[in-house]
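[1] one predicted model, sequence on top.
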Protein chains: 2
Amino acid sequence: MSLKSRIVGTAKRQVKQTLRPVLQRAMAPARTAVPASHWGLEHRPGQGLCLEGVPLKDLVARHGSPLHVVHLAALRRNAERFLAVPPGRAGGCEVYYSYKTNPVPGVLSYLHGLGVGAEVISAYEMWLALKLGVAPERIVYNGPVKSEASVREAISRGIQLLAANHAEELAVFSRLAAEVGRRPRVAVRVSTNSGWSAQFGTPIAGGAALRAYQQACASKHLDVVGLHAHRGETIRTEGDLTGFVESVLAFTDTLHQELGLDLEVLDLGGSLCTPTVEHIAERDWRLNLTFFRDVPAPDPAASLSIERYVALVVEMVESHYARQGRKRPRIFLEPGRAMTGDTQLLLGRVHALKAAEDRAYAVLDAGINHAECVRNEYHQLFHVDRPDAPAEQVYTVVGPICTPGDTLYHAKRLPELSVGDTLAIMDAGAYFVPFATSFSYPQPAILALDGGKEQLLRRAETFDDQVALDAPAAATATASKPEAA
Amino acid sequence: MSLKSRIVGTAKRQVKQTLRPVLQRAMAPARTAVPASHWGLEHRPGQGLCLEGVPLKDLVARHGSPLHVVHLAALRRNAERFLAVPPGRAGGCEVYYSYKTNPVPGVLSYLHGLGVGAEVISAYEMWLALKLGVAPERIVYNGPVKSEASVREAISRGIQLLAANHAEELAVFSRLAAEVGRRPRVAVRVSTNSGWSAQFGTPIAGGAALRAYQQACASKHLDVVGLHAHRGETIRTEGDLTGFVESVLAFTDTLHQELGLDLEVLDLGGSLCTPTVEHIAERDWRLNLTFFRDVPAPDPAASLSIERYVALVVEMVESHYARQGRKRPRIFLEPGRAMTGDTQLLLGRVHALKAAEDRAYAVLDAGINHAECVRNEYHQLFHVDRPDAPAEQVYTVVGPICTPGDTLYHAKRLPELSVGDTLAIMDAGAYFVPFATSFSYPQPAILALDGGKEQLLRRAETFDDQVALDAPAAATATASKPEAA
């Protein structure tokens, strides 16, 4: 290391340390935390944070750490909001939960029991829906990679909707439908100028989507009943939603005018936000990393609620069709994160504390192996044991994996931590489980709480599970007996 | 979408399309591919790419797609290079493979059979090493999260080296050693100014590492025999290595002078590169994304070879100690990616092709669920069926997951693709398997080739495996029979 780089390094460090408190005060965000009561958590003196009267720390003591906890009452409330008919309307929406968001059979079954269908994107997910007893007419099959076997099964079972991710897929559907001898109910996924498209959907702009519909309608093997669109980019405001729905509605007019097609099903996909989760802006991330400025917490009240989202969708579709004197189509929604995101939390324990020059590291037993999303999304973190203690200490909260990339919070103000303390990472019900890995540590159990009653949905992975698919020969190879070098 | 943003969008698109060919020519990188022969692959007319005489496409036909293929001869060659005594030296290094890099029991057992020990970073990995029959004196235990049970076991079994990730861990070791009644062979992980440190290691700078050694030596329960250092940042050049080793050696002098400590073991960690893999620089990534300029391929010849790396390490350590008339310590190495990175490849198939305005999307059956690293590292991609066909078409190569983040190659020049074609993603032997998820699709099988003979190391995950840990009650819940909305 040269003298020059040492001087530059020292100077940088000095500037950071001098600016840090100034910036923290001057640029303190208005909101740095959402209260625990938002999630139905309650602080009971001596017991720490409790859910439905059950101390969270007791759950970890009984079921091990880390641990996912599913709050079934919250799940029911979200599902009921999606399924409710908005005030003053004759009908609402049909709801298909996006399996990929949180593919836990216990969670899925619970949703199905409430009247929610299955939105699946792979052969595995279709298999799972059928295994969970979902009726074929309650299944929508999307996604860019559908195995031919699964498409054949979808057709022969007569699922509700089979959506062509790209126009090229229509030829595959047509060929397989001819083989099976049954006409599937088909939709074409289209992309608007709102949100992302990339490998998904056929663009309305330029006429590609219209040509795809012409192609679909020309096949006598396909029953073209629907349109599928998915914004992709998170819907957080009314503006995010209305721009997207307007584009889709305009295209349904084109289909009506050009092809005389009256859609039975309008599938508007998902993308509604979890109100307490937000992508961390680059600037906020850098300010946190460099100057330990708190990451601003999203304001749940500023987010489109499920009720308002459903009401807006129904209102827009109904009034659009009413103006034309046409019957409005059935509206399908495919919520993912808005349904399950805020109904699950991940508990972990402080395994070690490491002092460093300008901060302390809190090393948890859960990291990006179980909570990958926390790397770039705001997720509220609670001290389970002492939630009300003043958050005066700055910690870099890291996981157990041997890489500096395993950092969940770069600079997080928390009550003073001790080894063994329990922390709760909130909003773990979307994309935590599907992005989980078994990197050096087994995956955690998933427990449901239902009126204070505990129900194990998924047991923790064991060491034996981690090698269950490996050839026994490999797993019992002879020991090496090398000479010391 | 406002008129203004539409005009800006169109203008941007025009500029991109005009500049694209100009920039591609003007800024064409010197090297855009490494030849297949580098990996021992051979093109046989009519059979496509073959490994040890076996056509790769036949492997997929027999074992399914996607499929990991481990090349045991390459693994043996790498291991032998690490274990070899450099010319003119009396001794070489002792080698402990970094389990986390590619934790496949069949691969690990093969390495152990060649005389390579185990570097483990978790209770699971220590359990696995013992299960695979590795002798305790061939195990090094590192990492920031060691369960107390696993530390107790490590102590009572008498493993080779127990390294304190942070100074605070020494007190835990000391307490548990007193309980067990056996003195473990301990090292302290230190961090230098070269490479990353963060939650890992106690810094030499400022005296913290020296104080940690004072603390360790003061405990009568610990046998302080070693020093552990790990650069973290990839070692690609001699300069990367020598700066790091010099800092460590200087600190061993401090330990000798200040504490009279003569280390028996100098553990220099891992971090040596895979010559054909390189982090994609931000600029190259942006040029590829925007202007379809090829990502430059790394030059394997410009990378520090295993032989040269080992020779340099031994030379530096030996001459340092020889100058002082002291006996040189045993040298431990913990290679990960340099050992297994280039000994494994991932085969996948083109499931669909989607035409788009300015490119075509190739949708594979393998994406970031199995090949997360490809998002930000250069990995050579081969067309298995027609490797020599001119690469004239630009594809965005994506995986099966429903997110635009599932993009492996933004703009990759390839021979014209057809649905069903097989592609090979090279250098899949480091961090592909540990970062793999079961996101909507089961995980692939892992097959070894040994002199043309096929050996299944790990079978593919099945749908049933994906719900094996779930409560049976949840998995057989009653079907929902909701009314249509």
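    Perfect, I can see it now.
[2] what's the burial count for the nearest residue to A:Val186 once chain neighbours are set aside?
    Closest residue in space to A:Val186, ignoring its immediate chain neighbours: A:Leu222 at 4.7 Å, by C-beta to C-beta, 6 or more residues apart in numbering or on different chains. Bear in mind the C-beta positions are built from the backbone N, C-alpha and C, glycine included. Counted with other C-beta atoms under 10 Å in any protein chain shown, residues neighbouring A:Leu222 total 23.
[3] for A:Pro55, what are phi and psi?
    Here is the backbone geometry of A:Pro55 (degrees, to the nearest 10): phi -60, psi 130.
[4] residue contacts, it?
    Shown in contact with A:Pro55 (C-beta atoms under 8 Å, 6 or more residues apart in numbering or on different chains): A:44, A:47-49.
[5] hmm, which of these are the buried ones?
    Using 16 or more other C-beta atoms under 10 Å in any protein chain shown as the burial test, these include A:47-49 as buried.
[6] tabulate these (a markdown table), appending pLDDT.
    Below are those laid out as a markdown table (pLDDT from 0 to 100):
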| residue | pLDDT |
| --- | --- |
| A:Gln47 | 96 |
| A:Gly48 | 97 |
| A:Leu49 | 98 |
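[7] how's chain A carved up into domains?
    Split into domains by automatic domain parsing, chain A comes to A:24-69+A:342-460, A:73-341.
[8] how about the ones you listed, which one is nearest B:Val245?
    Closest to B:Val245 of the domains of chain A is domain A:24-69+A:342-460 (C-beta to C-beta; 20.3 Å).
[9] surely A:Asp188 touches A:Thr202?
    One thing to correct before we go on: residue A:188 is Val, not Asp. Yes. Using C-beta atoms under 8 Å, A:Val188 is in contact with A:Thr202, at 6.4 Å.
[10] quick check on the residue of the stretch 301-450 of chain A at minimum distance from chain B: phi, psi?
    Closest contact between the stretch 301-450 of chain A and chain B, by C-beta to the nearest C-beta, is at A:Pro400 (3.5 Å). For A:Pro400, the backbone dihedrals (degrees, to the nearest 10) come out as phi -90, psi -10.
[11] how much space separates the residue lying closest to it once chain neighbours are set aside from A:Cys402?
    In space, and not counting its chain neighbours, A:Pro400 is closest to B:Val145: 3.5 Å by C-beta to C-beta, 6+ apart. Distance, B:Val145 to A:Cys402, using C-beta to C-beta, to the nearest Å: 9 Å.
[12] can I get stretch A:129-144 as PDB, trimmed to CA atoms?
    Coordinates of the C-alpha atoms in stretch A:129-144 are reproduced here as PDB (Å, rounded to 0.1, in the frame of the first residue of the first chain):
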ATOM      1  CA  ALA A 129     -51.900 -26.600  -7.200                       C
ATOM      2  CA  LEU A 130     -53.500 -29.900  -8.300                       C
ATOM      3  CA  LYS A 131     -51.900 -31.700  -5.400                       C
ATOM      4  CA  LEU A 132     -53.300 -29.100  -3.000                       C
ATOM      5  CA  GLY A 133     -56.700 -29.900  -4.400                       C
ATOM      6  CA  VAL A 134     -57.300 -26.700  -6.400                       C
ATOM      7  CA  ALA A 135     -60.000 -27.200  -9.000                       C
ATOM      8  CA  PRO A 136     -58.700 -26.800 -12.600                       C
ATOM      9  CA  GLU A 137     -61.100 -23.900 -13.100                       C
ATOM     10  CA  ARG A 138     -59.300 -22.100 -10.300                       C
ATOM     11  CA  ILE A 139     -55.900 -22.300 -12.000                       C
ATOM     12  CA  VAL A 140     -54.300 -19.700 -14.300                       C
ATOM     13  CA  TYR A 141     -51.100 -20.800 -16.000                       C
ATOM     14  CA  ASN A 142     -48.500 -18.100 -17.000                       C
ATOM     15  CA  GLY A 143     -44.800 -17.900 -17.500                       C
ATOM     16  CA  PRO A 144     -42.200 -18.100 -20.200                       C
END
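[13] residues contacting the closest residue to A:Asn165 other than its chain neighbours?
    The shortest distance from A:Asn165 to any residue other than its chain neighbours is 4.5 Å, reached at A:Pro144 (C-beta to C-beta, 6+ apart). By C-beta under 8 Å, 6+ apart, A:Pro144 lies in contact with A:165-166, A:199-200, B:351-352, B:354, B:363, B:398, B:400, B:402.
[14] cross these against strands and list the overlap.
    B:351-352, B:354, B:363, B:398 (DSSP state E).
[15] I'd like the residues you listed written out as JSON lines, with neighbour count added.
    Below are the ones in strands among the contacts of A:Pro144 laid out as JSON lines (neighbours: other C-beta atoms under 10 Å in any protein chain shown):
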{"residue": "B:His351", "neighbour count": "21"}
{"residue": "B:Ala352", "neighbour count": "21"}
{"residue": "B:Lys354", "neighbour count": "22"}
{"residue": "B:Val363", "neighbour count": "27"}
{"residue": "B:Val398", "neighbour count": "28"}
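[16] can I get those residues in CSV with pLDDT and distance to chain A?
    Converted to CSV, those look like this (pLDDT from 0 to 100; distance: C-beta to the nearest C-beta, whole Å):
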residue, pLDDT, distance to chain A
B:His351, 97, 5
B:Ala352, 97, 6
B:Lys354, 95, 4
B:Val363, 97, 5
B:Val398, 97, 5
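[17] closest to A:Arg359 among those residues?
    Of all those, A:Arg359 sits closest to B:Val398, with 39.0 Å by C-beta to C-beta.
[18] which non-adjacent residue is nearest that closest one?
    Closest residue to B:Val398 apart from its sequence neighbours, by C-beta to C-beta, 6+ apart: A:Gln199 at 4.6 Å.
[19] that neighbour: neighbour count?
    When neighbours are counted by other C-beta under 10 Å, A:Gln199 registers 25.
[20] which ones are touching it?
    Contacts for A:Gln199 were tallied using C-beta under 8 Å, 6+ apart; they are A:144, A:165-166, B:354, B:361, B:363, B:396, B:398, B:404, B:406-407.
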